[in-house]
Structures are given as C-alpha cells and as structure tokens.
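K.L.:
Give me a model of this one.
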Amino acid sequence: NAHNNLGHLLEDVREDFDGAAAAYRAAIAADPGNATAHSNLGVLLKDVRQDCDGAEAAYRAAIAADPGNAIAHSNLGALFAEHAEKSEESGGDWSDIAALWVQVVEHFTNAVSLGADDRMLNMAKERLALVKKAVANGP
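P.N.:
Got it, this is the predicted structure:
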C-alpha cells in the first residue's frame, strides 16, 4: 500500500514520525485489514512515542486482521515482556507478573509456530517458570 510505504520512508529516512504515523493511519483508513500498517504503527507508537497502550491496540488490530502475522505476535509478546520486567523491578504483584509472562509465552509461541525465531520464546518460558516459582513460594 502506498501510504504504508510512505510511512516507512518518513519514519526511516526522514525521521518524520508525525508524518509516518499519519501515513500509517491513512493506510489503515484505506484498508482496515492492513495488518502490516497496524503493526508498523504499533512499532512507531512504542519505540518513538513510548505509547504502550496505543502500541498494544495496534498490535492487537494487526493480529485481528491477520492472525498469521508472526511479527505482530512477536511485537505484542515483546511489549508484554517489557511490562512484566518493569513490574518485577518495581515490586509488582507476582500473580499479575505471572499473568503477563503467560501472555508473553502465548504470543511468542504463536510467532514461532508462524515461522519466527524461537530464542525469545525460550527466554519467556524460562522467565515464566521463575515467576511461577516465586508466586508459589512468595516473594
């Protein structure tokens, strides 16, 4: 899609992040089922604007549009992993942290089954096991 390509150009070459976001949104308006545009918008929102809620919504829209989109599953898993790590560092509730790691493993599992690299999945499974142990034993 031309709007999606323009978004890439604006984001990667010109570092015009507002223009890139507008181009991705135009791509989505023209084709709400454009999973790539949703995913690209999510990456921009997370990495540039630190808008994790917006990024999560964009990744979920990408997955809804194309459940076979490995990149969107991987991106959403990474976003949940970041949330889980921050919760661990700030002394968050271990049950909530475990629930986040379950989502991480779920999305990385989906990504791997769709052809993505399995290193992140293996890391997430190890971390989930540690968190589950902490939940069982208390912090």
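
K.L.:
Go ahead and flag the most central residue of this protein.
P.N.:
Most central in the chain under C-alpha atoms, centre = their mean is Leu76, positioned 2.3 Å from the mean C-alpha point.

K.L.:
Return the residues in contact with the closest residue to Leu114 other than its chain neighbours.
P.N.:
Of all residues not flanking Leu114 in the chain, Ala70 sits nearest, at 3.7 Å (C-beta to C-beta, 6 or more residues apart in numbering). C-beta here means a position set from N, CA and C on the backbone, and glycine is covered the same way. The neighbourhood of Ala70, defined by C-beta atoms under 8 Å, 6 or more residues apart in numbering, consists of Asn110, Ala111, Leu114, Gly115, Ala116.

K.L.:
Out of those residues, name the ones that lie in helices.
P.N.:
Counted as lying in helices by DSSP state H, out of the contacts of Ala70, are Asn110, Ala111.
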